[in-house]
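S.K.: Here you go, sequence then predicted model.
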Amino acid sequence: MRKLSIVCLSALMALPTVAEETKNFELTPFAGYRFGGDFDYGEEDSTTRLKLEETTSFGLLTSWKYDLNRQGELLISHYSTNFSEHSDFIPTKDELAITYAHVGGNVTVSKSSFATWHVAGGIGFTHMSPQDNKLDNETRFSMNLGLIGKVPVSENISLHLSGRLYGTFFNSDSSIFCNEANCLISISSDLWVQQELAAGISVAF
């Protein structure tokens with residue numbers, strides 16, 4: 001009986017350690033603000049800048065433990081914006097949805113009692129979907145680089161703050177969003193860049 005009591009007591013004392021060790025996953029729904037990303041519009045001899053409106057984004061970050069200081073990540077970030085009203089480009093429907101789907105990871109670079117800081121990055125694809133069905137969708141290879149801050153709220157929950165830089169790869173002077181007649185929208189560089197600031201709640205389990 002005494003041996004059984006000792007075994008039970010040892011098991012109870014080990015529960016917090018076991019619970020902590022089994023928290024290998026984190027789910028982080030987030031909302032953000034995305035900006036940047038200009039296009040060129042017009043013919044070769046006469047082009048103007050075509051801007052996207054800055055607006056809110058939302059997404060989901062799934063993280064899993066790789067080792068003590070590193071995590072793997074699956075990032076989905078989406079937003080719907082509009083072509084700038086100040087441009088000469090006036091499609092029938094001016095809404096544009098842009099989604100990033102990236103696999104990557106993060107590494108811890110600083111720890112304190114208040115927060116932990118992580119450098120993150122990933123690679124994957126950018127999907128651009130114009131609302132105007134006369135314009136083609138575009139899917140391109142892309143990557144991201146970011147900084148993440150995690151502020152603990154409880155044992156399982158933390159406030160998640162992040163800033164990310166997204167880069168989508170194109171051939172220089174690529175034409176995109178073509179319709180049946182022509183391609184009047186283009187990107188004049190090899191890398192198309194957007195930025196995103198976001199906040200969310202991370203739940204560990």
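M.R.: Cool, got the structure. Worth saying up front: this structure is predicted, and the values here are computed from it rather than measured.
S.K.: pull the CA atoms of the longest strand along the chain into PDB?
M.R.: Longest strand in the chain by number of residues (criterion: DSSP state E): strand 95-111. Presented in PDB, the C-alpha positions along strand 95-111 are these (Å, rounded to 0.1, in the frame of the first residue of the first chain):
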ATOM      1  CA  GLU A  95     -11.800  44.400 -55.900                       C
ATOM      2  CA  LEU A  96      -8.700  42.200 -55.600                       C
ATOM      3  CA  ALA A  97      -8.200  39.300 -53.100                       C
ATOM      4  CA  ILE A  98      -4.600  38.300 -52.200                       C
ATOM      5  CA  THR A  99      -3.800  35.200 -50.200                       C
ATOM      6  CA  TYR A 100      -0.400  34.000 -48.900                       C
ATOM      7  CA  ALA A 101       0.100  30.300 -48.100                       C
ATOM      8  CA  HIS A 102       3.600  29.700 -46.600                       C
ATOM      9  CA  VAL A 103       5.400  26.900 -44.800                       C
ATOM     10  CA  GLY A 104       8.400  27.900 -42.700                       C
ATOM     11  CA  GLY A 105       9.400  28.400 -39.100                       C
ATOM     12  CA  ASN A 106      10.700  30.700 -36.300                       C
ATOM     13  CA  VAL A 107      13.600  30.800 -34.000                       C
ATOM     14  CA  THR A 108      13.700  32.400 -30.500                       C
ATOM     15  CA  VAL A 109      16.200  35.300 -30.400                       C
ATOM     16  CA  SER A 110      15.300  36.900 -27.000                       C
ATOM     17  CA  LYS A 111      13.500  35.800 -23.800                       C
END
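S.K.: Give me the sheet partners of it and which way each runs.
M.R.: Strands that pair with strand 95-111, judged by DSSP bridges, come out as strand 70-82 (antiparallel), strand 116-130 (antiparallel).
S.K.: Flag the shaky bits of the chain, pLDDT-wise.
M.R.: 1-22, 42-46, 85-93, 172-173, 179-182, 184 (pLDDT under 70).
S.K.: re the thing from before, would CSV of the strands paired with strand 95-111 with mean neighbour count be doable?
M.R.: C-betas here are computed from N, CA, C, even on glycine. As requested, the strands paired with strand 95-111 are arranged in CSV below (neighbours: other Cβ atoms under 10 Å):
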stretch, mean neighbour count
strand 70-82, 18
strand 116-130, 18
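S.K.: need those in JSON lines with distance to G104, can you?
M.R.: Formatted as JSON lines, those follow (distance: least, Cβ to Cβ, whole Å):
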{"stretch": "strand 70-82", "distance to G104": "5"}
{"stretch": "strand 116-130", "distance to G104": "2"}
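S.K.: any idea how far the most centrally placed residue in the chain lies from Y33?
M.R.: The centroid of the chain falls nearest to S77 when counting by Cα atoms, centre = their mean (4.4 Å). Between S77 and Y33 the distance is 12 Å, computed by Cβ to Cβ, to the nearest Å.
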